[in-house]
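Q: Give me a model of this one.
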Amino acid sequence: MTTIRLTMAQALLRFLDNQYISVDGQETKFVRGVMGIFGHGNVTGIGEALERSAGTLQFIQGKNEQGMAHAATAYAKQNGRRQIWACTSSIGPGALNMVTAAGTATVNRIPLLLLPGDNFACRQPDPVLQQLEVQSDYTVSAVDAFRPVSRYWDRIVRPEQLMTAALQAIRVLTDPAETGAVTLALPQDVQAEAYDYPEAFFAKRVHHIDRRPPSADAVRRAAELIAGKRKPLIIAGGGVHYADATESLHAFAKAFRIPVAETQAGKSVLPWNDELNMGGVGTTGTLAANRLAHEADVIIGVGTRYSDFTTASKWMFANPNVQFVNLNISPFDSVKLDGCAVIGDARVSLDELREALSETGYTSGYGEGELEELKSEWTREVDRLYALESDLGLTQTRALGVLNETLQPSDVIVCAAGSLPGDLHRVWRPSEPRTYHMEYGFSCMGYEVSGAFGAALAEPNRDVYAFVGDGSYLMLHSELVTSLQEGVKMTVVLFDNNGYQCIHNLQRGHGSDGFGNEFRFRDHDTGQLSGSYMPIDFAGHARSLGVPACTVTTAEGLRKALLEARQCSTTTLIEVKVLPGTNTDGYDSWWRVDVPEVSASVKVNEAHAESVSKTAEAASRTYR
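A: Below you'll find the predicted structure:
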């Protein structure tokens, strides 16, 4: 057996550089490179390997470990999970900064390879700088915090262990049902240890992502169930995008005249103006989709994990006879809500179910013009929201209208948290698939700027826009600098509404007078954060980082700024002053947020009574 002597870190990079995936016969290099911030836990190990033995792997210098890991997640998401960036950090705080990003990737089923430095395996110098000392279990380190947020976790305490760990890591990263964050903890001494690795370990490997067909019996059962129903509704999730199943979904819906509702991850599976596309569903859904969901007697979920926002905390589906048919690559997700499970690739499953259902002569039982009227009513409502004016300033929905009218159909928008996801789910009008990039599994504040950088890195021929609130921007904006450094253009549209207005609205909607959510000075007479709004110059901050920026307060100013930003060759930021509380809400939806049973406030007690009533309704549904 021929061997080659390498350090563990050098071997890891050589292995990653030779991993490929194949989908439908199209081969893609799986690992494009490594994003990293160096410290004493990785600079002389994997850092040296990246400097001198990286092969074709590229290196990007991160500015915040969480930010760079969000960027890697967004890159993989925008690439349909077919190419990734690994992320490396030092031990201690550098590693722990990536835990939030790991959870974000895992919840959203996105492959993310994390390579944090770890304590010395030999323990000779411990406790080292940034080392935890858990007295009850000395094998525990900061990197153990990744265990609950990783789909696969391993610690390489001997260099030869890399061979089994690396293969398992790639298996999980390339598995459409199991993928998520993968963490390989790399003790800093072991990174530098040499071993005689077999050359065969570094041979080119092609991991075939086969389209797994559903069982014939599962398709038959699903077809029989649907054939007995009159009011079907398709709920399209992110799995439709990842399986490249948008055309199959459209063919299925059209064949049987079944309306389609979209989750946040599924939005843009159909053009907004397709006659069967009823828009977002659930807590942040449209009136059209939610009314159909209330009345549906069968829900056909395709590639969705049925989050509480999709189901409106299991209150949405009010028909006592409603049943669920779940087409999903993941057995875990396929049985949710006591559904009829069709486990397999979304595209193949839709095609086979269409064929089986066609044999029954099935068509939905919606009345003449029923779907058209629902869609037309909602279209008029969005037109109204897009044109909504106020003498006090620019409304958020008016700003979104200008954005939607000014951006090109192929442009990609990235968002994650605050009031924007609800508005975008309801009113954004995408025309092309994968132009709506919403992280709503974690709704992680701070994802937006980093995610837009990752999406722009994945889509060099498209314009990418980060839609971010002032609260999220303050949490994490450091990859603005990375975008300048790498020459990767994105446009950041910062909605300044003076605080965490999404939660401020939620709070006031459940009996509060408003507390601790707006960016106001402290009033020293009352002791509360109830003084005037803080005059934060976000555009000035961006300019201090080298980013061209401007502030707009009108629809005309926003349109002009967008056109100018399109002509700019570098990342830009547009600060948009919008009126607090001018986001959308309601539309036959609900979200369970429990309210105190007792309070000194009459409003809180009333809100509790309403919450109890809604919760009882949800609990009475026939599904679980």
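Q: Surely I21 touches T174?
A: Yes - contact status for I21 versus T174: in contact at 5.6 Å, counting by CB atoms under 8 Å. Backbone N, C-alpha and C define where each C-beta goes, glycine included.
Q: joint contacts of the two?
A: Taking CB atoms under 8 Å, 6 or more residues apart in numbering as the criterion, I21 and T174 both touch F30, H207, I209.
Q: For the second one, list the residues it contacts.
A: Contact analysis of H207 by CB under 8 Å, 6+ apart lists Q19, Y20, I21, S22, F30, I170, R171, T174.
Q: Just give the nearest non-adjacent residue to the first one, would you?
A: Spelled out, it's Q19. The shortest distance from Q19 to any residue other than its chain neighbours is 4.4 Å, reached at F30 (CB to CB, 6 or more residues apart in numbering).
Q: Just the mean pLDDT for stretch 233-246, thanks.
A: Averaged across stretch 233-246, pLDDT comes to 98.
Q: residue ranges with poor pLDDT in this protein?
A: 622, 624 (pLDDT under 70).
Q: Tell me which residue is most central in it.
A: By CA atoms, centre = their mean, the chain has its centre lying nearest to E439, at 2.3 Å.
Q: Quick check: the gap between it and M278.
A: Counting by CB to CB, to the nearest Å, the gap between E439 and M278 amounts to 23 Å.
Q: Name the nearest residue to N583, ignoring sequence neighbours.
A: In space, and not counting its chain neighbours, N583 is closest to S419: 3.9 Å by CB to CB, 6+ apart.
Q: Same question for T73.
A: A105 (4.6 Å).
Q: and that neighbour, that one's in a helix?
A: Yes - assessed by DSSP: H, G, I helix; E, B strand; the rest coil, A105 belongs to a helix.
Q: who's in contact with it?
A: Residues near A105 by CB under 8 Å, 6+ apart: A69, T73, A76, P111, L112, G180, A181.
Q: hmm, try it at 6 Å
A: T73, L112, G180, A181 (CB atoms under 6 Å, 6 or more residues apart in numbering).
Q: where's it relative to E373, distance?
A: To E373, A105 is 41 Å away according to CB to CB.
Q: which one is Q408 nearest to, not counting chain neighbours?
A: Nearest residue to Q408 in three dimensions, chain neighbours excluded: D463, at 6.8 Å (CB to CB, 6+ apart).
Q: List the single closest residue to the residue sitting furthest away from the middle of the chain in space, sequence neighbours excluded.
A: Centroid-distance maximum for the chain: M1 at 44.9 Å, with CA atoms, centre = their mean. Excluding the flanking residues, the one nearest M1 by CB to CB, 6+ apart is P198, at 5.5 Å.
Q: Pull up the gap between that neighbour and A11, please.
A: Distance of P198 to A11, given as CB to CB: 10 Å.
Q: Ok, A253 next?
A: 49 Å.
Q: cool, and A54?
A: Relative to A11, and taking CB to CB, A54 is found at 13 Å.
Q: And for T615?
A: As judged by CB to CB, T615 and A11 stand 55 Å apart.
Q: Which one's more surrounded, the two?
A: A11 (24 against 16; other CB atoms under 10 Å).
Q: ok, the closest residue to L113 other than its chain neighbours - contacts?
A: Excluding the flanking residues, the one nearest L113 by CB to CB, 6+ apart is A86, at 4.2 Å. Residues in contact with A86, defined by CB under 6 Å, 6+ apart, are V34, L113, L115.
Q: so the second one, which of the three states?
A: Three-state secondary structure (criterion: three-state DSSP) places L113 in strand.
Q: burial measure for it, as a count.
A: Using other CB under 10 Å, the number of residues around L113 comes to 26.
Q: Surely it is in contact with V182?
A: Yes - counting by CB atoms under 6 Å, L113 does reach V182; the two are 5.3 Å apart.
Q: Overlap in contacts, the two.
A: The overlap between the contact sets of L113 and V182 (CB under 6 Å, 6+ apart) is empty.
Q: ok, E564 to E439 distance?
A: Distance from E564 to E439, by CB to CB: 28 Å.
Q: If you could redo that for A255, that was the one I meant.
A: 33 Å.
Q: circling back: what about the contacts of H207, which are in strands?
A: Judged by DSSP state E, the subset of those located in strands is Q19, Y20, I21, S22.
Q: Go through the residues you listed and give me the one with the most neighbours.
A: Ranking the ones in strands among the contacts of H207 using other CB under 10 Å puts I21 first, with 22 neighbours.
Q: who touches that residue in this structure?
A: Counting by CB under 6 Å, 6+ apart, I21 makes contact with T28, F30, T174, H207, I209.
Q: what number of residues lie near the second one?
A: Think F30. Around F30 there are 23 other residues, counting by other CB under 10 Å.
Q: Tell me how far it lies from A542.
A: In terms of CB to CB, F30 sits 34 Å off from A542.
Q: Switch the shared contacts of I21 and T174 over to a markdown table; also include distance to R151.
A: Shown next, in a markdown table, are the shared contacts of I21 and T174 (distance: CB to CB, whole Å):
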| residue | distance to R151 |
| --- | --- |
| F30 | 16 |
| H207 | 16 |
| I209 | 16 |
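Q: now, among those, which is nearest to P548?
A: Distance to P548, by CB to CB, is smallest for F30 among these, at 35.4 Å.
Q: pretty sure the closest one is touching L16, no?
A: No - here F30 does not reach L16: they are 8.1 Å apart, not a contact under CB under 6 Å.
Q: re earlier: checking the residue nearest to L113 next. Helix, strand or coil?
A: Following three-state DSSP, A86 is assigned to strand.
Q: hey, what's it bridged with?
A: Beta bridges link A86 to V34, L113, judged by DSSP bridges.
Q: Okay, it and R32: tell me how far apart.
A: From A86 across to R32, the span is 9 Å (CB to CB).
Q: residues contacting E432?
A: Contacts for E432 were tallied using CB under 6 Å, 6+ apart; they are P409, S410.
Q: Which strand or helix spans it?
A: Using DSSP states H and E, E432 sits within no helix or strand.
Q: start at 324 instead
A: Sure, I'll start counting at 324 from here, so that last one is E755.
Q: hang on, the earlier thing: please look at the residue farthest from the centre of the chain and A523 and confirm they touch.
A: No - M324 lies out of contact with A523 (CB under 6 Å); the separation is 7.6 Å.
Q: what are the ranges of the strands in the stretch 824-947 of the chain?
A: Ranges of strands in the stretch 824-947 of the chain, per DSSP state E, counting those that start in this stretch, are 872-875, 895-900.
Q: Please identify the deepest-packed of those strands.
A: strand 895-900 (a mean of 25; mean count of other CB atoms under 10 Å).
Q: Need phi/psi at G589.
A: Dihedral angles of G589 (phi, psi; degrees, to the nearest 10) stand at phi -90, psi -10.
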